[in-house]
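In: Give me coordinates for this.
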Amino acid sequence: MIRHINVAEADPKQRQSIPELLKSIEQIRRVGYCFIPNMPMEGAGTVSMLLPWDMFGRPLAVGVGGYVGRIQPNMHEIIAQMRAALAKYGKRQHLWEESLAARIEREGVPRQAAE
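Out: You can find the predicted model right below:
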């Protein structure tokens with residue numbers, strides 16, 4: 001992970017160390033989102049959040065990217081909208097999983113899934 005982060009930084013003095021990365025991860029987990037300005041290029045940035053479910057054991061995230069000059073002044077609204085959407089979609093995802101589990105219990109494993 002640290003190599004992936006540092007590959008874009010030409011100045012060795014600006015590259016992140018493992019302790020700095022761990023501190024950043026702790027902060028991200030505490031606030032529930034991550035904002036990275038000027039990455040992958042100058043002037044662009046992304047606000048991202050971990051989804052409340054995974055896919056085949058792998059964590060998933062969603063992000064909103066764009067011009068930093070537009071994202072930064074609207075961060076609170078973007079974060080609020082993302083949290084609301086995740087809460088709403090998370091409920092639907094849970095209901096879908098419950099209905100699928102009930103159907104499998106009632107009808108057995110679908111034929112195409114068993115093959």
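In: Test my guess that Pro52 contacts Leu86.
Out: Yes. Using Cβ atoms under 8 Å, Pro52 is in contact with Leu86, at 6.5 Å. Where you see a C-beta, it was placed from the backbone N, CA and C, and this is true even at glycine.
In: the more surrounded of those two?
Out: Neighbours per residue, other Cβ atoms under 10 Å: of Pro52 and Leu86, the larger number sits with Leu86, 18 against 13.
In: what sits against the closest residue to Asn6 other than its chain neighbours?
Out: Spatially, and ignoring its direct neighbours in sequence, Asn6 is nearest to Arg15 (4.2 Å; Cβ to Cβ, 6 or more residues apart in numbering). Arg15 is in contact with 5-6, 9, counting by Cβ atoms under 8 Å, 6 or more residues apart in numbering.
In: tell me the centre residue of this protein?
Out: The residue lying closest to the centre of the chain (Cα atoms, centre = their mean) is Ala61, at 2.1 Å.
In: Can you point out the buried residues in the helix or strand hosting that residue?
Out: Take DSSP states H and E as the rule and Ala61 turns out to sit in strand 58-67. Within strand 58-67, the residues that count as buried by 16 or more other Cβ atoms under 10 Å are Val64.
In: outside of the helix or strand just after it, which residues touch it?
Out: For strand 58-67, the succeeding helix or strand toward the C-terminus, using DSSP H and E, is helix 68-71. Outside helix 68-71, the residues that touch it by Cβ under 8 Å, 6+ apart are 35, 37-38, 43-45, 47, 64-65, 78.
In: Narrow those to those in strands?
Out: 35, 37, 44-45, 47, 64-65 (DSSP state E).
In: Looking at those residues, state which has the most neighbours.
Out: Using other Cβ under 10 Å as the neighbour test, those are led by Gly45, with 23 neighbours.
In: Please name the residues that touch it.
Out: Residues in contact with Gly45 (Cβ under 8 Å, 6+ apart) are 35-39, 65-68, 71-72.
In: Give me the residue ranges of the protein where confidence is low.
Out: Within the chain, the ranges that satisfy pLDDT under 70 run 90-104, 108-115.
In: Since that was my last question, I'll sign off now.
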